[in-house]
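>>> Here is my input; please provide its structure:
(one chain, ligands or ions: 1)
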Amino acid sequence: MPRRKILDMSVDWLQILDPEGNVDEDLEPKLDNGTLEKFYRTMVLTRLFDDKALKLQRQGRMLTYGSSLGQEASAIGGAYAMNPDDWFFPSFREHGAQIARGIPLKLLYIYWMGSEDANLTLPPRNFPVAIPVSTQIPHAVGAAWAAKIQKQNTVSVVYFGDGATSEGDFHEGMNFAGVFKTPTVFICQNNQYAISLPRERQTASKTLAQKALAYGFEGIQVDGNDVLAVYSATRAALDKARAGGGPTMIECFTYRMSAHTTSDDPSKYRQMAEVEEWKKKDPIKRFQIYLSKKGIWNQDYENNLIKELTEQVEKAVEEAESFKPDVENMFRYVYAEMPPDLREQRDELLAYVSKKMGR
Ligand SMILES: Cc1ncc(C[n+]2csc(CCOP(=O)(O)OP(=O)(O)O)c2C)c(N)n1
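Residues are numbered from 1 along each chain as shown. All right, here's what the predicted structure looks like:
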(Lines give C-alpha, C1' and ligand atoms only; values in the text may rest on other atoms or scores of the structure.)
Protein backbone atom coordinates (compact mmCIF):
# COMPACT_ATOMS: atom_id res chain seq x y z
CA MET A 1 0.00 0.00 0.00
CA PRO A 2 1.51 3.32 -1.00
CA ARG A 3 -0.22 5.29 1.74
CA ARG A 4 -0.55 4.28 5.38
CA LYS A 5 -0.49 5.85 8.80
CA ILE A 6 3.05 6.05 10.16
CA LEU A 7 2.41 8.06 13.29
CA ASP A 8 -0.17 7.53 15.97
CA MET A 9 0.42 9.57 19.08
CA SER A 10 -1.67 10.81 21.95
CA VAL A 11 -1.53 13.07 24.97
CA ASP A 12 -2.86 12.05 28.39
CA TRP A 13 -4.84 14.23 30.78
CA LEU A 14 -4.28 13.76 34.51
CA GLN A 15 -6.48 14.87 37.38
CA ILE A 16 -6.34 13.26 40.83
CA LEU A 17 -8.30 15.73 42.96
CA ASP A 18 -11.41 17.25 41.39
CA PRO A 19 -12.79 20.75 42.15
CA GLU A 20 -15.15 19.29 44.78
CA GLY A 21 -12.21 17.77 46.66
CA ASN A 22 -12.89 14.14 45.62
CA VAL A 23 -9.73 12.10 45.19
CA ASP A 24 -9.04 9.26 42.76
CA GLU A 25 -7.67 6.71 45.22
CA ASP A 26 -5.94 4.67 42.52
CA LEU A 27 -3.88 7.68 41.46
CA GLU A 28 -3.48 9.37 44.85
CA PRO A 29 0.25 9.79 45.67
CA LYS A 30 1.34 8.24 48.97
CA LEU A 31 2.28 11.36 50.90
CA ASP A 32 2.47 11.68 54.68
CA ASN A 33 0.42 14.27 56.53
CA GLY A 34 3.44 16.51 57.08
CA THR A 35 4.04 16.73 53.32
CA LEU A 36 0.37 17.43 52.62
CA GLU A 37 0.39 20.20 55.22
CA LYS A 38 3.54 21.64 53.66
CA PHE A 39 1.77 21.79 50.27
CA TYR A 40 -1.20 23.57 51.82
CA ARG A 41 0.88 26.01 53.84
CA THR A 42 2.96 26.98 50.83
CA MET A 43 -0.08 27.54 48.64
CA VAL A 44 -1.66 29.74 51.31
CA LEU A 45 1.61 31.57 51.92
CA THR A 46 1.97 32.21 48.18
CA ARG A 47 -1.51 33.70 48.08
CA LEU A 48 -0.83 35.95 51.07
CA PHE A 49 2.54 36.98 49.62
CA ASP A 50 0.81 37.82 46.35
CA ASP A 51 -2.03 39.78 47.93
CA LYS A 52 0.45 41.84 49.94
CA ALA A 53 2.55 42.54 46.83
CA LEU A 54 -0.50 43.89 44.99
CA LYS A 55 -1.35 46.16 47.93
CA LEU A 56 2.23 47.41 48.17
CA GLN A 57 2.23 48.18 44.46
CA ARG A 58 -1.01 50.16 44.77
CA GLN A 59 0.54 52.14 47.63
CA GLY A 60 3.59 52.95 45.50
CA ARG A 61 5.84 50.72 47.60
CA MET A 62 6.49 48.15 44.86
CA LEU A 63 7.10 48.25 41.10
CA THR A 64 5.09 46.42 38.43
CA TYR A 65 4.08 43.02 39.74
CA GLY A 66 2.57 39.92 38.11
CA SER A 67 0.10 38.10 40.33
CA SER A 68 0.04 34.29 40.56
CA LEU A 69 -3.48 34.15 42.01
CA GLY A 70 -5.08 30.84 41.03
CA GLN A 71 -1.83 29.25 39.88
CA GLU A 72 -0.52 28.21 43.30
CA ALA A 73 -0.90 24.46 42.73
CA SER A 74 0.82 24.57 39.35
CA ALA A 75 3.75 26.37 40.90
CA ILE A 76 4.35 24.46 44.09
CA GLY A 77 3.42 20.92 42.97
CA GLY A 78 6.35 20.72 40.58
CA ALA A 79 8.82 22.48 42.84
CA TYR A 80 8.14 20.09 45.72
CA ALA A 81 8.72 17.11 43.43
CA MET A 82 12.30 18.32 42.83
CA ASN A 83 15.44 17.51 44.80
CA PRO A 84 17.24 20.51 46.31
CA ASP A 85 20.19 20.02 43.95
CA ASP A 86 18.05 19.95 40.81
CA TRP A 87 18.31 23.10 38.69
CA PHE A 88 15.37 25.50 38.81
CA PHE A 89 14.62 28.07 36.09
CA PRO A 90 11.56 30.22 36.85
CA SER A 91 9.61 32.65 34.72
CA PHE A 92 8.25 35.82 36.34
CA ARG A 93 5.02 34.30 37.75
CA GLU A 94 6.45 31.43 39.78
CA HIS A 95 6.42 32.99 43.23
CA GLY A 96 4.97 29.78 44.69
CA ALA A 97 7.67 27.60 43.18
CA GLN A 98 10.34 30.01 44.43
CA ILE A 99 8.90 29.87 47.95
CA ALA A 100 8.75 26.06 47.77
CA ARG A 101 12.41 26.07 46.69
CA GLY A 102 13.27 27.88 49.91
CA ILE A 103 13.89 31.37 48.52
CA PRO A 104 13.20 33.77 51.40
CA LEU A 105 10.13 36.00 50.97
CA LYS A 106 12.29 39.00 51.76
CA LEU A 107 14.38 38.40 48.61
CA LEU A 108 11.28 38.04 46.45
CA TYR A 109 9.96 41.37 47.73
CA ILE A 110 13.33 43.07 47.28
CA TYR A 111 13.41 41.87 43.67
CA TRP A 112 9.91 43.14 42.87
CA MET A 113 10.75 46.41 44.64
CA GLY A 114 13.29 46.82 41.87
CA SER A 115 16.61 45.62 43.19
CA GLU A 116 18.72 43.01 41.43
CA ASP A 117 20.61 42.58 44.70
CA ALA A 118 18.03 39.94 45.62
CA ASN A 119 19.50 37.67 42.94
CA LEU A 120 22.98 37.72 44.47
CA THR A 121 22.05 35.57 47.45
CA LEU A 122 19.61 33.09 45.94
CA PRO A 123 20.08 29.58 47.33
CA PRO A 124 22.26 27.42 45.01
CA ARG A 125 20.74 25.89 41.86
CA ASN A 126 17.96 28.50 41.72
CA PHE A 127 18.20 30.77 38.71
CA PRO A 128 16.84 34.33 38.85
CA VAL A 129 13.47 35.15 37.31
CA ALA A 130 13.57 35.52 33.51
CA ILE A 131 11.58 38.55 32.42
CA PRO A 132 12.25 38.04 28.68
CA VAL A 133 9.70 35.43 27.68
CA SER A 134 11.27 31.99 27.05
CA THR A 135 14.97 32.84 27.39
CA GLN A 136 15.24 30.59 30.44
CA ILE A 137 14.37 27.52 28.34
CA PRO A 138 17.69 27.12 26.46
CA HIS A 139 19.50 27.91 29.73
CA ALA A 140 17.69 25.04 31.44
CA VAL A 141 18.42 22.64 28.59
CA GLY A 142 22.09 23.69 28.63
CA ALA A 143 22.35 23.05 32.37
CA ALA A 144 20.68 19.67 31.90
CA TRP A 145 23.07 18.76 29.10
CA ALA A 146 26.04 19.75 31.27
CA ALA A 147 24.69 17.61 34.11
CA LYS A 148 24.36 14.68 31.71
CA ILE A 149 27.90 15.07 30.37
CA GLN A 150 29.25 15.35 33.92
CA LYS A 151 27.19 12.33 34.95
CA GLN A 152 25.50 14.25 37.73
CA ASN A 153 22.17 12.92 38.87
CA THR A 154 20.42 16.27 38.57
CA VAL A 155 17.51 17.41 36.45
CA SER A 156 16.68 20.90 35.16
CA VAL A 157 13.12 22.08 35.66
CA VAL A 158 11.99 25.10 33.67
CA TYR A 159 8.74 27.03 34.06
CA PHE A 160 7.16 29.14 31.34
CA GLY A 161 3.75 30.29 30.13
CA ASP A 162 1.53 29.39 27.17
CA GLY A 163 2.73 32.51 25.36
CA ALA A 164 6.31 31.28 25.67
CA THR A 165 5.51 28.32 23.41
CA SER A 166 5.41 30.69 20.42
CA GLU A 167 8.97 31.87 20.98
CA GLY A 168 11.98 30.54 19.07
CA ASP A 169 13.81 29.83 22.32
CA PHE A 170 11.10 27.36 23.31
CA HIS A 171 11.38 25.39 20.06
CA GLU A 172 15.18 25.45 20.03
CA GLY A 173 15.33 24.28 23.63
CA MET A 174 12.75 21.53 23.09
CA ASN A 175 14.48 20.32 19.94
CA PHE A 176 17.88 20.22 21.60
CA ALA A 177 16.45 18.42 24.63
CA GLY A 178 14.82 15.80 22.40
CA VAL A 179 17.89 15.19 20.26
CA PHE A 180 20.34 15.02 23.17
CA LYS A 181 17.88 13.37 25.57
CA THR A 182 18.71 15.91 28.25
CA PRO A 183 17.31 15.47 31.77
CA THR A 184 14.90 18.42 31.50
CA VAL A 185 11.33 18.84 32.72
CA PHE A 186 9.43 21.55 30.87
CA ILE A 187 6.53 22.90 32.96
CA CYS A 188 4.20 25.03 30.89
CA GLN A 189 1.74 27.08 32.90
CA ASN A 190 -1.13 27.31 30.49
CA ASN A 191 -3.06 30.04 32.30
CA GLN A 192 -5.12 30.67 29.13
CA TYR A 193 -3.72 34.14 28.35
CA ALA A 194 -0.51 35.83 27.26
CA ILE A 195 -1.39 39.31 28.43
CA SER A 196 -4.53 39.91 26.30
CA LEU A 197 -3.96 37.08 23.83
CA PRO A 198 -6.18 34.05 24.53
CA ARG A 199 -4.78 30.57 24.22
CA GLU A 200 -6.77 29.84 21.00
CA ARG A 201 -4.93 32.68 19.25
CA GLN A 202 -1.55 31.51 20.51
CA THR A 203 -1.61 28.21 18.63
CA ALA A 204 -3.92 26.06 16.55
CA SER A 205 -2.75 22.98 18.46
CA LYS A 206 -5.41 21.30 20.58
CA THR A 207 -2.99 21.07 23.51
CA LEU A 208 0.35 22.63 24.26
CA ALA A 209 1.65 19.30 25.58
CA GLN A 210 1.50 17.77 22.10
CA LYS A 211 4.32 20.07 21.00
CA ALA A 212 6.67 17.71 22.87
CA LEU A 213 5.63 14.85 20.56
CA ALA A 214 7.01 16.73 17.57
CA TYR A 215 10.37 16.88 19.32
CA GLY A 216 10.38 13.18 20.09
CA PHE A 217 9.40 13.04 23.74
CA GLU A 218 6.40 12.75 25.99
CA GLY A 219 3.96 15.56 26.73
CA ILE A 220 1.18 15.35 29.29
CA GLN A 221 -1.61 17.77 30.21
CA VAL A 222 -2.52 17.92 33.89
CA ASP A 223 -5.16 19.77 35.87
CA GLY A 224 -2.98 22.65 37.02
CA ASN A 225 -5.34 23.47 39.87
CA ASP A 226 -4.82 20.02 41.33
CA VAL A 227 -1.62 20.01 43.33
CA LEU A 228 -1.59 16.20 43.58
CA ALA A 229 -1.70 15.83 39.78
CA VAL A 230 1.03 18.43 39.24
CA TYR A 231 3.21 16.81 41.91
CA SER A 232 2.69 13.27 40.58
CA ALA A 233 3.32 14.15 36.94
CA THR A 234 6.47 16.09 37.82
CA ARG A 235 7.74 13.34 40.11
CA ALA A 236 7.28 10.78 37.31
CA ALA A 237 9.05 13.06 34.81
CA LEU A 238 11.95 13.65 37.22
CA ASP A 239 12.31 9.92 37.92
CA LYS A 240 12.30 9.20 34.21
CA ALA A 241 14.92 11.90 33.51
CA ARG A 242 17.16 10.63 36.33
CA ALA A 243 16.94 7.11 34.91
CA GLY A 244 18.22 8.37 31.53
CA GLY A 245 14.78 8.54 29.87
CA GLY A 246 15.22 12.14 28.70
CA PRO A 247 12.86 15.12 28.80
CA THR A 248 9.12 15.51 29.44
CA MET A 249 6.80 18.45 28.92
CA ILE A 250 4.01 18.98 31.45
CA GLU A 251 1.22 21.36 30.51
CA CYS A 252 -0.54 22.61 33.64
CA PHE A 253 -4.06 23.60 32.61
CA THR A 254 -4.84 26.52 34.89
CA TYR A 255 -6.11 30.10 34.89
CA ARG A 256 -4.68 33.51 35.66
CA MET A 257 -7.33 34.84 38.07
CA SER A 258 -5.83 38.31 38.31
CA ALA A 259 -4.51 40.84 35.80
CA HIS A 260 -1.39 40.08 33.74
CA THR A 261 0.48 42.61 35.84
CA THR A 262 -0.42 45.67 37.84
CA SER A 263 -0.21 47.61 34.54
CA ASP A 264 -2.98 45.59 32.90
CA ASP A 265 -6.79 45.79 32.85
CA PRO A 266 -8.19 42.33 31.96
CA SER A 267 -11.79 43.62 31.72
CA LYS A 268 -10.75 44.93 28.28
CA TYR A 269 -10.29 41.43 26.86
CA ARG A 270 -12.15 38.84 28.95
CA GLN A 271 -15.57 38.35 30.48
CA MET A 272 -16.13 38.28 34.24
CA ALA A 273 -18.32 35.17 33.77
CA GLU A 274 -15.25 33.25 32.67
CA VAL A 275 -13.36 34.30 35.80
CA GLU A 276 -16.34 33.28 37.95
CA GLU A 277 -16.34 29.80 36.36
CA TRP A 278 -12.66 29.35 37.21
CA LYS A 279 -13.24 30.50 40.80
CA LYS A 280 -15.10 27.22 41.28
CA LYS A 281 -11.91 25.35 40.39
CA ASP A 282 -9.77 27.09 43.01
CA PRO A 283 -6.66 25.00 43.84
CA ILE A 284 -6.55 25.93 47.53
CA LYS A 285 -10.22 25.35 48.21
CA ARG A 286 -10.24 21.80 46.83
CA PHE A 287 -7.09 20.90 48.77
CA GLN A 288 -8.69 22.31 51.91
CA ILE A 289 -11.63 19.89 51.46
CA TYR A 290 -9.20 17.02 50.89
CA LEU A 291 -7.28 17.87 54.08
CA SER A 292 -10.50 18.29 56.00
CA LYS A 293 -11.60 14.77 55.00
CA LYS A 294 -8.25 13.52 56.28
CA GLY A 295 -8.88 15.22 59.63
CA ILE A 296 -6.01 17.70 59.12
CA TRP A 297 -7.87 20.90 58.28
CA ASN A 298 -10.57 22.72 60.25
CA GLN A 299 -11.50 26.36 60.78
CA ASP A 300 -9.23 26.75 63.84
CA TYR A 301 -6.35 25.27 61.85
CA GLU A 302 -7.06 27.85 59.13
CA ASN A 303 -7.28 30.80 61.54
CA ASN A 304 -3.99 29.90 63.23
CA LEU A 305 -2.28 29.34 59.90
CA ILE A 306 -3.43 32.65 58.42
CA LYS A 307 -2.26 34.49 61.54
CA GLU A 308 1.15 32.82 61.49
CA LEU A 309 1.73 33.26 57.76
CA THR A 310 0.49 36.86 57.73
CA GLU A 311 3.08 37.68 60.39
CA GLN A 312 5.71 36.00 58.23
CA VAL A 313 4.70 38.13 55.24
CA GLU A 314 4.64 41.37 57.27
CA LYS A 315 8.10 40.66 58.67
CA ALA A 316 9.46 39.99 55.17
CA VAL A 317 8.03 43.31 53.93
CA GLU A 318 9.63 45.15 56.84
CA GLU A 319 12.99 43.55 56.09
CA ALA A 320 12.69 44.25 52.37
CA GLU A 321 11.76 47.89 52.91
CA SER A 322 14.67 48.47 55.25
CA PHE A 323 17.12 46.85 52.83
CA LYS A 324 19.59 49.30 51.28
CA PRO A 325 20.27 48.23 47.69
CA ASP A 326 23.59 48.80 45.99
CA VAL A 327 22.41 50.34 42.71
CA GLU A 328 25.75 49.64 41.08
CA ASN A 329 24.97 45.92 41.13
CA MET A 330 22.67 46.18 38.12
CA PHE A 331 25.70 47.22 36.05
CA ARG A 332 28.20 44.81 37.54
CA TYR A 333 27.39 41.36 36.24
CA VAL A 334 26.65 41.68 32.55
CA TYR A 335 30.12 42.37 31.09
CA ALA A 336 33.54 41.35 32.36
CA GLU A 337 34.67 44.75 31.07
CA MET A 338 32.01 47.42 31.21
CA PRO A 339 31.46 49.24 27.87
CA PRO A 340 31.75 53.05 27.92
CA ASP A 341 28.03 53.78 27.43
CA LEU A 342 27.14 51.62 30.40
CA ARG A 343 29.89 53.22 32.49
CA GLU A 344 28.41 56.60 31.63
CA GLN A 345 24.92 55.49 32.69
CA ARG A 346 26.27 54.05 35.93
CA ASP A 347 28.11 57.28 36.77
CA GLU A 348 25.01 59.33 36.03
CA LEU A 349 22.89 57.11 38.28
CA LEU A 350 25.44 57.14 41.11
CA ALA A 351 25.59 60.94 40.96
CA TYR A 352 21.77 61.11 41.06
CA VAL A 353 21.51 58.72 44.00
CA SER A 354 24.17 60.55 45.93
CA LYS A 355 22.42 63.89 45.35
CA LYS A 356 18.92 62.55 46.09
CA MET A 357 19.68 60.27 48.99
CA GLY A 358 22.96 61.57 50.31
CA ARG A 359 24.61 58.19 49.75
C1 LIG B 1 10.93 38.24 24.53
C2 LIG B 1 9.79 39.00 25.13
N3 LIG B 1 8.80 39.46 24.34
C4 LIG B 1 7.77 40.15 24.87
C5 LIG B 1 7.73 40.39 26.22
C6 LIG B 1 6.55 41.17 26.81
N7 LIG B 1 5.73 40.19 27.57
C8 LIG B 1 5.83 40.10 28.91
S9 LIG B 1 4.87 38.88 29.52
C10 LIG B 1 4.24 38.51 28.01
C11 LIG B 1 3.22 37.43 27.83
C12 LIG B 1 3.68 36.13 28.38
O13 LIG B 1 2.64 35.21 28.34
P14 LIG B 1 2.83 33.76 28.90
O15 LIG B 1 4.10 33.18 28.38
O16 LIG B 1 1.59 33.02 28.60
O17 LIG B 1 3.02 33.96 30.47
P18 LIG B 1 2.02 34.63 31.53
O19 LIG B 1 2.32 36.09 31.55
O20 LIG B 1 0.63 34.32 31.12
O21 LIG B 1 2.38 34.00 32.83
C22 LIG B 1 4.81 39.33 27.02
C23 LIG B 1 4.50 39.25 25.59
C24 LIG B 1 8.78 39.92 27.01
N25 LIG B 1 8.82 40.10 28.33
N26 LIG B 1 9.80 39.21 26.45
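>>> Quick check: which helices or strands does the longest helix along the chain pack against?
Longest among the helix segments of the chain by residue count, using DSSP state H, is helix 33-58. Counting contacts by 3 or more Cβ pairs under 8 Å, 6 or more residues apart in numbering; DSSP states H and E, helix 33-58 packs against helix 72-81, helix 95-100, helix 105-112, helix 227-242, helix 283-293, helix 299-321. Glycine gets a C-beta too; all of them are placed from N, C-alpha and C.
>>> Go through those helices and pick out the most buried.
Counting by mean count of other Cβ atoms under 10 Å, helix 72-81 has the highest mean neighbour count of the helices and strands packed on helix 33-58, with a mean of 29.
>>> Against which helices or strands is that helix packed?
Applying 3+ Cβ pairs under 8 Å, 6+ apart, we find helix 72-81 packed against helix 33-58, helix 95-100, strand 156-161, strand 184-190, helix 227-242, strand 248-253, helix 283-293.
>>> Show me the one of those that comes nearest residue 177.
strand 184-190 (4.7 Å; Cβ to Cβ).
>>> Give me the residues contacting the helix or strand just after the closest one.
Beyond strand 184-190 in the direction of the C-terminus, DSSP states H and E gives the next helix or strand as strand 193-194. For strand 193-194, the external contacting residues (Cβ atoms under 8 Å, 6 or more residues apart in numbering) are 161, 162, 163, 164, 166, 199, 202, 256, 260, 266, 269, 270.
>>> Now the residues you listed in CSV, please, with extra columns for secondary structure.
Shown next, in CSV, are the contacts of strand 193-194 (DSSP: H, G, I helix; E, B strand; the rest coil):
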residue, secondary structure
161, strand
162, coil
163, helix
164, helix
166, helix
199, helix
202, helix
256, coil
260, coil
266, helix
269, coil
270, coil
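>>> residues from this structure in reach of the ligand?
93, 131-133, 160-164, 189, 191, 193-195, 256, 260 (Cβ under 6 Å from any ligand atom).
>>> Could you measure from residue 20 over to residue 36?
In this view, residue 20 and residue 36 are 18 Å apart by Cβ to Cβ, to the nearest Å.
>>> Which of the two has more residues huddled nearby?
residue 36 (19 against 10; other Cβ atoms under 10 Å).
>>> what sits against that one?
Residue 36 sits next to 290, 291, 294, 296 when contact means Cβ under 8 Å, 6+ apart.
>>> give me the number of residues near the third one?
So the one you mean is residue 294. So residue 294, with other Cβ under 10 Å, has 12 neighbours.
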